[in-house]
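> Make a model of this:
(one chain, ligands or ions: 2)
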Amino acid sequence: MKSISEAYKDHPINLHNIIPIDFKKVHELPESHTWPSLDQDSISDTSHDQVIPIIDLEDPNVMKLIGHACQTWGAFQITNHGIPISFLDEVESQSRKLFTLPSKQKLKALRTPDSVGGYGRPRMQPFFPKFLWQEGFTMVDKSATIDQTSKIWPHGDHTPFCRAMEEYQKKLKDLANRLLGVMLDSLKITNDDLRLTLLGSSSSLEDLKSEAPHTALQLNSYPACPNPNRAMGLASHTDTSLFTVLYQSRSRGLQIRANGIGWVTVPPVPGALVVNIGDLLHILTNGRFPSAVHRAIVNQSHHRLSIGYFYGPPCNSKIAPVRKLVDSNHPIRYRDLTWREYIGIKAKHFDKSLSFAAVNPQIDTNDQS
Ligand SMILES: O=C(O)CCC(=O)C(=O)O
Ligand SMILES: [Fe+2]
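Ligands and ions are numbered 1, 2, ... in the order given. All right, here's what the predicted structure looks like:
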């Protein structure tokens, strides 16, 4: 498989699940977007002292802190990560420029039913009877992004947007490589252990070394909502990545579901980035790092943006628990899969996907309801 986009071609999405409404024209929450009230299951960060860890990447104990956060929460925030807040502001402002355009212009970059890149509703939309209060723009391929954004902004006006996104992805790739190193060190997994696990049957070790990780950049826009308590930005889900690095800027909205506690708001910390463990690292660590169940809620007063960087292994990888983490106390939980296979499972089974990858689905449920 040359690119992960090809895997999505087998799972086309109906157009009505792709085309967002024109949020500027909506002054009351439409019935089609009205969800059950959030009051019952939502807790606020002020009423609870459980806050996901905030970790300084320059802390001498960083490996321990990250390892602990990954095992207990599957999520944490990082500061001192080397990406200046002024640059994060620039990326946010370029993203805002795109979403504040008239709907007609954004639709010029609409995702096609069988692709991942471009403008549209979230890919999880078909799993829900109600529409989400969200519009997104996904970038997986540089030339496709240039193509799409030059339709939105003709005469070269797409350049500042593309330049900022390109630069951001470069910085995030370095940061994500570094984070993966720390996470694996915390479990005493060496690069060789990982290579043996990720190795596709037809690739040589050298092929794998030279292959780039697969990544995607996802801009999420949540316009101010007339009735936020009955709307949903992104419903409960886990990410299909090794892990995701998320910038949620200055407005709250991200919540992580913590076992035995419920939904915990991740408070925005200026300049910090949130790291969420995804399904692939959950499988690779044999469940040692649980993939974080999370969602995004919306608000009445302002237009919230978030920017997710999804970091995955090379496209041809085989996904399997690292054998070093399997012993008589920790029996193997997941079978060997190709990434393409897992994308197929996720496209069909969404929140039940991990149990479809499990050796013993009865025991290994990942029911997020
Ligand atoms: O907007 C957020 O805070 C969450 C975004 C998210 O979960 C995603 O893009 O997968
Ligand atoms: Fe997510």
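
> Around ligand 1, which positions in the stretch 201-350 of the chain sit nearby?
Residues of the stretch 201-350 of the chain lying close to ligand 1 (Cβ under 6 Å from any ligand atom) are 218, 220, 234, 239, 246, 248, 253, 254, 294, 296, 306, 308. C-beta: built from backbone N, CA, C; applies to glycine.

> and after whichever strand or helix holds residue 175, which helix or strand comes next?
In this assignment (DSSP states H and E), residue 175 forms part of helix 159-186. Once the chain leaves helix 159-186, the next helix or strand it forms, by DSSP H and E, is helix 191-198.

> which strands and helices sit next to that following helix?
With contacts taken as 3 or more Cβ pairs under 8 Å, 6 or more residues apart in numbering; DSSP states H and E, helix 191-198 sits against helix 159-186, helix 205-210, strand 318-319.

> okay, the angle between the first one and helix 191-198?
Between helix 159-186 and helix 191-198, the angle formed by their directions is 110 degrees, by axes from the mean of the first three to the mean of the last three Cα atoms, to 10 degrees.

> for helix 159-186, which positions count as buried?
161-162, 164-165, 168-169, 171-173, 175-176, 179-180, 182-184, 186 (16 or more other Cβ atoms under 10 Å).

> where do the strands sit along the protein?
Here the chain has its strands, by DSSP state E, at 54-56, 75-79, 118-120, 135-139, 214-222, 234-237, 243-247, 254-258, 262-265, 273-277, 294-296, 304-312, 318-319, 337-338.

> what is the orientation angle of the fifth one with strand 254-258?
With the same axes, to 10 degrees applied, the angle from strand 214-222 to strand 254-258 works out at 110 degrees.

> rewinding a little: quick one: which two of the residues of the stretch 201-350 of the chain next to ligand 1 are the most distant?
Maximum pairwise distance among these (Cβ to Cβ): 16.0 Å, between 239 and 253.

> ok, and the closest non-adjacent residue to residue 153?
Spatial nearest neighbour of residue 153, chain neighbours left out: residue 161 (7.1 Å); criterion: Cβ to Cβ, 6 or more residues apart in numbering.

> Dump the helices and strands packed on helix 191-198 to JSON lines, plus mean pLDDT.
Listed next are the helices and strands packed on helix 191-198 as JSON lines, based on pLDDT from 0 to 100:
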{"stretch": "helix 159-186", "mean pLDDT": "95"}
{"stretch": "helix 205-210", "mean pLDDT": "48"}
{"stretch": "strand 318-319", "mean pLDDT": "84"}
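
> For stretch 280-295, list the C-alpha coordinates in PDB.
C-alpha atoms of stretch 280-295 as PDB (Å, rounded to 0.1, in the frame of the first residue of the first chain):
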ATOM      1  CA  LEU A 280      -2.300   1.500  17.400                       C
ATOM      2  CA  LEU A 281      -0.100   2.200  20.500                       C
ATOM      3  CA  HIS A 282      -2.800   0.400  22.600                       C
ATOM      4  CA  ILE A 283      -2.400  -2.700  20.500                       C
ATOM      5  CA  LEU A 284       1.500  -2.400  20.200                       C
ATOM      6  CA  THR A 285       1.700  -2.100  24.000                       C
ATOM      7  CA  ASN A 286      -0.700  -5.000  24.500                       C
ATOM      8  CA  GLY A 287      -3.100  -2.600  26.300                       C
ATOM      9  CA  ARG A 288      -0.400  -1.200  28.700                       C
ATOM     10  CA  PHE A 289      -1.000   2.300  27.200                       C
ATOM     11  CA  PRO A 290      -4.800   2.500  26.900                       C
ATOM     12  CA  SER A 291      -6.100   4.500  24.000                       C
ATOM     13  CA  ALA A 292      -7.800   7.600  25.400                       C
ATOM     14  CA  VAL A 293     -11.500   7.800  25.000                       C
ATOM     15  CA  HIS A 294     -12.300  11.500  24.400                       C
ATOM     16  CA  ARG A 295     -14.800  13.900  22.900                       C
END
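
> Run the chain-centre distance for that stretch.
Mean C-alpha position of stretch 280-295 versus that of the full chain (Cα atoms, centre = their mean, to the nearest Å) differs by 13 Å.

> next one: stretch 117-134
14 Å.

> For it, buried residues please.
Buried residues in stretch 117-134 (16+ other Cβ under 10 Å): 117-125, 130-134.

> Please see if that stretch touches ligand 1.
No: counting by Cβ under 6 Å from any ligand atom, ligand 1 is not contacted by stretch 117-134; separation bottoms out at 7.5 Å.

> Start and end of that stretch, how far apart?
Its first and final residues considered, stretch 117-134 spans 16 Å by Cα to Cα, to the nearest Å.

> Same question for stretch 285-297.
End-to-end distance (Cα to Cα), stretch 285-297: 29 Å.

> What is the neighbour count of the closest residue to residue 108 other than its chain neighbours?
Leaving out its chain neighbours, the residue that sits closest to residue 108 by Cβ to Cβ, 6+ apart is residue 151, at 4.2 Å. When neighbours are counted by other Cβ atoms under 10 Å, residue 151 registers 15.

> Same question for residue 107.
Neighbours around residue 107, by other Cβ under 10 Å: 17.

> what separates it from residue 154, distance-wise?
15 Å (Cβ to Cβ, to the nearest Å).

> Residue 129 too?
According to Cβ to Cβ, residue 129 and residue 154 sit 38 Å apart.

> what does residue 138 give?
Distance of residue 138 to residue 154, computed by Cβ to Cβ: 21 Å.

> State the distance from the nearest residue in space to residue 32 that is not next to it in sequence to ligand 1.
Distances taken as Cβ to Cβ, 6+ apart put residue 131 closest to residue 32, at 5.3 Å, once the chain neighbours are dropped. Per Cβ to the nearest ligand atom, to the nearest Å, residue 131 is found 16 Å from ligand 1.

> thinking residue 131 is in contact with residue 121, fair?
Yes: with contacts counted by Cβ atoms under 8 Å, residue 131 reaches residue 121, the gap being 7.2 Å.
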